[in-house]
Each structure stands twice: as C-alpha cells, then as structure tokens.
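Visitor: Just a sequence and a predicted model for now, questions to come.
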Amino acid sequence: MLDIKIIREREPDVRRALQLRRSSADLDSVIALDKERRAALAEVESLKNQRNVTSKKVGELKKAGQDIQEIQKTMREVGDRIAEYDQKVRELEEKLNQALLRIPNMPHASVHEGSDAADNLVVRTWGEPKSFSFEPRPHWELGEKHRLFDFERAVKMTGAGFPLYTGRGALLERALVQFLLDFHTREHGYTEVSPPFVVNAASMTGTGQLPKMAEDMYHIPLDGLYLIPTAEVPVTNIYRDEIIREPLPIYLTAYTPCFRREAGAAGRDTRGLIRVHQFDKVEMVKFVEPETSYEELEKLVKDAEEVLQRLGLTYRVLQLCSGDMSFSAAKCYDIELWAPAHKGWLEVSSCSNFEDFQARRAKIQYRNKDGKTAFVHTLNGSGVALARLVVAILENGQQADGSIELPEALWPYMGGLKRIE
RNA sequence: GGAGAGGUGGCAGAGCGGUUUAUUGCACCGGUCUUGAAAACCGGAGUGUCCUUACGGGCACCGGGGGUUCGAAUCCCUCCCUCUCCGCCA
C-alpha cells in the first residue's frame, strides 16, 4: 500500500498516478478518513494523558490515606469517554485501511502512459518466429499423438483446466522444473526454497492478492486458507513482520504449482494448456535496498530471458504501459514465447518491481546505513511458467514426421531422451 | 484428537495491581584508560503513531482480540502459536 504521508503531502502526484493507471480508486475517501482519524486521535490521546496523570496521583493519595472517591467518580466518566473515542478511532482506522488497501501502486517515472495491453512496448525480440515446410500442429494434437497428457480423464477427476500429464509428458514437466531451479541456483545466485502451497489471509493481503483478487483464488473456508496463485505469495511472506537481519540483496527461487480460478476469463483459450487452473512455475523473488531496485529489475528480466535462450526458444520482452500493470507493481516487463501453431505470443513471465508497496503492506524492513529501519524493495519474476513453456517446446520442436525434437539443455534431465517419437 | 506447561525488548531471563519512564546479564554504539587492543569503569540505545517550522512533547506496544479497575506485563474471558507426554498416521 501507499504511504499515507505521501498521499497527504503529494496528493496531486497520487491523483496523476491513478489517472495514468486508469484507476477509479477512491482517493477522496482516504483523504477524508485520514483527516477524521487524526482529529479523533488527538482528542482521545489528550484524554488518556489526563487519565495517566491522574491515576498516578490516585496511587500516591491512596498511600497517604486520603479520600479518592470524588476523583474516581470523575475518572470513571473520563474512562467512558475514552472508550467511546477509542471505538471511533478504531472504526475510522479500519475504514481508512480498507480504502488504502485498494489504492494501487504509483507507476515509476520510466513507465509510459497507456490504457491496456495494446499500448505495451516491445523492448526487444530474441530469435525469429520459426517457419515450417508443413502446417504446424497445435500442442494438444501433438500431446494426444504422443500421449503426453490426458485432458479427458482430468476433467473426470477434477474438471476442465486441470491437466493430467502422462508418461513422457510428466517427465518433461519434471525435467523443466529441475532444469529451471538448477539454472537459477547455479548460474544466477538464487537460493532455493520450497514453501507451502496454501497460505492464510494475512499473507495474501501482504502481497496484494487480497482484498482485490478474492474471487480469483481457491479458498478453503474451513481453515481460512487459500491456494497460492503464485510462489510470490509464500516466498515474499517469508519475511513478513520482520526486520531482515541478513545482508541484502536476498535472491530466492521456488518451484510451486499455481492455482487460479481465472474467474474473468471463462471461455477464453479453453483448449489445451494455454489457460489452465493449475500450472507449475519456478519463481524468482528478490529483497533489495531501495537504491538498487531498478538495476535489480533489469537483472531479473535477464535471468528469465537466459532460460529461454538456453532452450532455444523465440521470445520478446514487453514493457507494460501504465494502465496494464498489476495492482502492486511500479514497473513491469512481460516475456512472451512464440507458439507457431497458436500463431501468437504466450506470456510466460512477468517481472515486476513493487518498490516498497508490498513491503509496507507486509511490514518487511531492514536497517539502512544509518541504522534506521526502512522498508525493503521487493521484486519478483517468473523464471518461468510451465504449461505455456511446454506448449512452445512442443510446437517449435515438431518435425514433418510428427516427432518432437527436445532442446539440448533438457537432454540430461530427460534421461538422455532427445526426441519424442 | 486427549492431558499438561509456556509465549516479556537482538538473545537469555526477572517482574504477577500503582516511583516499571519493564530489573538484570550478554550482544550493540560512544567515551575514559592504553602505543593499539582486551579488561575495567562511565554513558547511550527499541518500534509505531500523532502534534510541532524547530526544540520538544503526547499516546500506544510484554503472542492477537476483548473484559474488570481511577490505574493491567501483572486479574478474568477468548483465540492463535510453541514445547512435553499419550493416541492416530505418510
């Protein structure tokens, strides 16, 4: 969330940021509630001061054997007024907090203005869309031919959008996870973690999924838990409510499945693996000092890109415009893979700098050079998302005879298998 | 799931209704001493929030929430978590 002080002191900047984001968030309420809250707070605190001072005196008078009945009576009334005002402050605080949690982050100065995905900029492209001497077949046909997954039976056991990988398909999935984790830990200096796949509401609020995205998540009301939509949630929350002791930056990487209800996307890309309710992902998360966070963002994108280079896949990097960025991000790049049969680009990574937006929500601090506590900057990026990565590998690797050539980097992870035929 | 014990500042560990602005030790920072360091001694130090141009001051914080009281770390209720034992189990 934004610092209420920034909203107080730089209201025009915040309004401009909301406008850039095409956000209709209610800033007026925030400002009004803040004013009311401070007025009530001043009132109740002066009453409490009176109580503290008097109570101390009561102790002394009592010890001296003096009559304190009259004072007690007065102070009982003061106590009632305190209770009244305390209640009022609590209510205002709660309302303010709820309103504040719905104000999105401010875009960084380097983010260009735009309304939606159509305004995103292609920053660079690596490789070229592959040309085929035959009509490339879509990944679901290739998968069916080689029995890499079984969507029909998955529907029977769970429902649409929950893939069942079989045989070499399952092996490919596992190989990719291991390849990605090895790559980031060995070559990019990340430390591997393996977190819980369900988290509580406080964690979801800390990273910004709640309250806004509640309908997009799988919820277990009996235990008050949520299935994670990304490893970003548990991994970022590792340091929630802490002053980090170890030196920054901290680089973490994690494999987790990701669960998404895709509530607003019913009917889109329903075929195959392109939009599913459960997919695997290897995520990268960074905790850094504020001064370095934009350098770190560039490095993060490169880390994700290198994976795709090693796999020999064609991709492009987009810089998102102000209106297309996620709620918590100050700046964001997407990476998209070319899928020949899909005849389009598939998003497999999103790399964001949240600055102190998540850290403030989740209270993740460190000690700066002056020894003062300050909020860290958090970043994360997919490194990368599977399912769509599998789509690209299958569609790009297919040969005229229907076999599929696998990227060389995967051979050791596939038990030496170089080609699916 | 059953029974018991316990959650206090970076750590250890007192306090169980009113000079507690939370005792003390370790760790930390500054100073004295020393060629330098250690030891010793002296001093300092938490987090958040509100008021103030500033100096400074107020309020809150002893797992979370609520209650009793003029006054709660301390008493009561409730929830969460940790540990020990028993049961069940991959």
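Guide: Arrived safely, thanks for sending.

Visitor: Kindly state the beta-bridge partners for whatever residue of the stretch 101-250 of chain A ends up closest to RNA strand B.
Guide: Distances between the stretch 101-250 of chain A and RNA strand B by Cβ to the nearest atom of the strand are smallest at A:Ile243, namely 7.0 Å. Heads up, the C-betas are built off the backbone N, CA and C, glycines and all. Beta-bridge pairing for A:Ile243 (DSSP bridges): A:Gln365.

Visitor: Isn't it up against A:Arg367?
Guide: Yes - contact status for A:Ile243 versus A:Arg367: in contact at 6.6 Å, counting by Cβ atoms under 8 Å.

Visitor: Now do the shared contacts for those two.
Guide: A:Thr373 (Cβ atoms under 8 Å, 6 or more residues apart in numbering).

Visitor: Could you tell me which residues of the stretch 51-200 of chain A lie near RNA strand B?
Guide: A:51-56, A:58-59, A:62, A:71-72, A:75-76, A:79, A:83, A:90 (Cβ under 7 Å from any atom of the strand).

Visitor: Buried ones only from the residues you listed, please, as a PyMOL command.
Guide: Per 16 or more other Cβ atoms under 10 Å, the buried members of those correspond to this PyMOL selection:
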select buried, chain A and resi 54+71+75
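
Visitor: Which helix or strand contains the nearest residue to A:Lys286 once chain neighbours are set aside?
Guide: Leaving aside its sequence neighbours, A:Lys286 sits nearest to A:Leu379 (Cβ to Cβ, 6 or more residues apart in numbering; 4.4 Å). Using DSSP states H and E, A:Leu379 sits within strand A:377-385.

Visitor: Now that strand: average pLDDT?
Guide: For strand A:377-385, mean pLDDT is 95.

Visitor: CA atoms only for that strand, dumped as CSV, please.
Guide: This file holds the C-alpha atoms of strand A:377-385, laid out as CSV (Å, rounded to 0.1, in the frame of the first residue of the first chain):
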residue,chain,number,x,y,z
HIS,A,377,12.0,-3.1,-2.1
THR,A,378,10.6,-6.4,-3.3
LEU,A,379,10.7,-7.8,-6.8
ASN,A,380,9.6,-10.9,-8.4
GLY,A,381,9.6,-12.6,-11.8
SER,A,382,8.5,-15.9,-13.3
GLY,A,383,11.5,-17.9,-14.2
VAL,A,384,9.4,-19.2,-16.0
ALA,A,385,5.8,-20.5,-16.0
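
Visitor: quick one, what contacts the residue in the stretch 251-400 of chain A positioned nearest to RNA strand B?
Guide: Closest contact between the stretch 251-400 of chain A and RNA strand B, by Cβ to the nearest atom of the strand, is at A:Thr373 (4.3 Å). With contact set as Cβ under 8 Å, 6+ apart, A:Thr373 has these partners: A:243, A:365-367.

Visitor: Can you pull the domain assignment for chain A?
Guide: A:4-101, A:117-420 (automatic domain parsing).

Visitor: Please enumerate the strands of the stretch 201-350 of chain A.
Guide: Under the criterion DSSP state E, counting those that start in this stretch, the stretch 201-350 of chain A contains strands at A:219-220, A:225-227, A:242-243, A:250-259, A:278-288, A:315-319, A:331-339, A:344-353.

Visitor: TSV please, covering the ones you listed and showing mean pLDDT and mean neighbour count.
Guide: Shown next, in TSV, are those (pLDDT from 0 to 100; neighbours: other Cβ atoms under 10 Å):
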stretch	mean pLDDT	mean neighbour count
strand A:219-220	87	13
strand A:225-227	90	20
strand A:242-243	84	13
strand A:250-259	96	21
strand A:278-288	96	24
strand A:315-319	98	20
strand A:331-339	97	24
strand A:344-353	96	22
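
Visitor: Quick one: closest of the ones you listed to A:Pro136.
Guide: strand A:331-339 (9.0 Å; Cβ to Cβ).

Visitor: Direction included, what does the closest one pair up with?
Guide: strand A:315-319 (antiparallel), strand A:344-353 (antiparallel).

Visitor: In chain A, where is pLDDT below threshold?
Guide: A:266-267 (pLDDT under 70).

Visitor: hey, which helix is longest across it?
Guide: helix A:27-63 (DSSP state H).

Visitor: In terms of secondary structure, what does that one contact?
Guide: helix A:4-9, helix A:11-20, helix A:69-101 (3 or more Cβ pairs under 8 Å, 6 or more residues apart in numbering; DSSP states H and E).

Visitor: got the buried residues for the longest one?
Guide: Neighbour counts using 16+ other Cβ under 10 Å place A:71, A:75, A:82, A:85, A:88-89, A:92, A:95-96, A:99-101 of helix A:69-101 among the buried residues.

Visitor: Kindly report the same for the first one.
Guide: Along helix A:4-9, the positions that meet the burial threshold by neighbour count (16+ other Cβ under 10 Å) are A:4, A:7.

Visitor: What lies in contact with the helix or strand encompassing A:Lys156?
Guide: Counting by DSSP H and E, the secondary-structure element that holds A:Lys156 is helix A:151-157. Applying Cβ under 8 Å, 6+ apart, the external contacts of helix A:151-157 come out as A:140, A:162-164, A:272.

Visitor: are any of those residues buried, and which?
Guide: Buried subset of the contacts of helix A:151-157 (neighbour count, 16+ other Cβ under 10 Å): A:140, A:163-164, A:272.

Visitor: For the residue lying closest to A:Val30 once chain neighbours are set aside, give its distance to RNA strand B.
Guide: Nearest residue to A:Val30 in three dimensions, chain neighbours excluded: A:Ala99, at 4.7 Å (Cβ to Cβ, 6+ apart). A:Ala99 sits 15 Å away from RNA strand B, going by Cβ to the nearest atom of the strand, to the nearest Å.

Visitor: does A:Ala99 really touch A:Asp28, like I thought?
Guide: No - at 9.4 Å, A:Ala99 and A:Asp28 do not qualify as touching, with contact defined as Cβ under 8 Å.

Visitor: Nice, that's everything, thank you.
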